[in-house]
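In: Quick one, what's the 3D model for this:
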Amino acid sequence: MIDCGEGTQMHLLRNHIKISRLRHVLISHLHGDHYFGLIGLISTLHLFGRRYPLNIYAPAPLKSIIEAQLEASETALNFELFFHPLGLNDIRIIIDEKKYIVEAFPMKHRITCHGFRISEKPKPIRINKELLPEDISIADIGTLLKGESVLHPSGEVKYDAAYHTLPPKKSYSYAYCSDTIYDPGLVPYLRKADVLYHEATFAEDMAPRATETFHSTASQAADIAKKAEVSRLYLGHYSTRYKDPTPLLHEAKQVFDQTFLSEEGNTIILEP
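Out: Okay, here's the model as predicted:
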């Protein structure tokens, strides 16, 4: 999970997402709309009897904030909380799982703030089942899955890997930029991402206000997406002055056509 504002639990329940599966929480920065829901989520996991650890990646002060809240409520959690502090200029891999990695990178906001990029690791090659002989052994299939041809004892090719296998499926990446002033320095961290979420707090006519508050306009977000050559841009973090964010979308699409609005409850499906 990336960021945990107020009401996060209700949104998860409404969208039928099991919080018991949660292992990692990434907090971009310590403005309330990005972490005020975390103590409630932690408390709920405790009440549900969770036993396995929860990892939290966030600016260092969050550890003492959560510990103070637990102490004030005299709560001794059933599970361990592991805090992984993010420093001001951290640029590193913070999660390395079997199928994906998560990288953190600094953004320019009024306080310490990080963006994140989730990247799938290269996927394995696949067996072409339509061309697979019925009598092939499990061992020979294992050899093909390594990208190696199966050979006869004489050295002749029995099953050609190039013929019997298919290329790996595409590995996708998602980049997240929550609160940041317009910053072309982010481009290297976002390069070629399949999906980029970038804040678009204001329209371009409010550009001075965006700069003053260390936020971005919709067209600035689109410019970052264009420079980074991402496949899709999703805008978010709209100012409450925009009851309908459609004008922000129109503004951004003039710069980067593959721009969409982030909307609560939407699922993005990336086609292979």
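
In: Quickly list the domain ranges of the protein.
Out: 1-86, 92-122+169-272, 126-166 (automatic domain parsing).

In: Go through those domains and pick out the most buried.
Out: Of all the domains of the chain, domain 92-122+169-272 has the most neighbours on average by mean count of other CB atoms under 10 Å, namely a mean of 18. Backbone N, C-alpha and C define where each C-beta goes, glycine included.

In: Can you give the distance of that one from its chain's centre?
Out: Offset of domain 92-122+169-272 from its chain centre (CA atoms, centre = their mean, to the nearest Å): 11 Å.

In: Look up how far residue 90 lies from residue 215.
Out: Distance from residue 215 to residue 90, counting by CB to CB, to the nearest Å: 22 Å.

In: now the helices: where do they sit in the protein?
Out: Remark: helices assigned in the chain by DSSP state H are 8-14, 38-47, 61-72, 138-145, 161-164, 187-190, 207-212, 218-228, 246-253.

In: In CSV, list those along with distance to residue 200 and mean pLDDT.
Out: Below are those laid out as CSV (distance: least, CB to CB, whole Å; pLDDT from 0 to 100):
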stretch, distance to residue 200, mean pLDDT
helix 8-14, 20, 90
helix 38-47, 25, 96
helix 61-72, 26, 97
helix 138-145, 44, 93
helix 161-164, 46, 93
helix 187-190, 15, 98
helix 207-212, 9, 97
helix 218-228, 4, 98
helix 246-253, 5, 98
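
In: Any chance of CSV for these, columns distance to residue 99?
Out: Shown next, in CSV, are the helices of the chain (distance: least, CB to CB, whole Å):
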stretch, distance to residue 99
helix 8-14, 22
helix 38-47, 23
helix 61-72, 27
helix 138-145, 16
helix 161-164, 23
helix 187-190, 21
helix 207-212, 37
helix 218-228, 24
helix 246-253, 32
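
In: can you give me the strands in the stretch 101-250 of the chain?
Out: Secondary structure of the stretch 101-250 of the chain, counting by DSSP state E, counting those that start in this stretch: strands at 113-120, 126-127, 150-151, 157-159, 165-166, 173-177, 195-199, 232-236.
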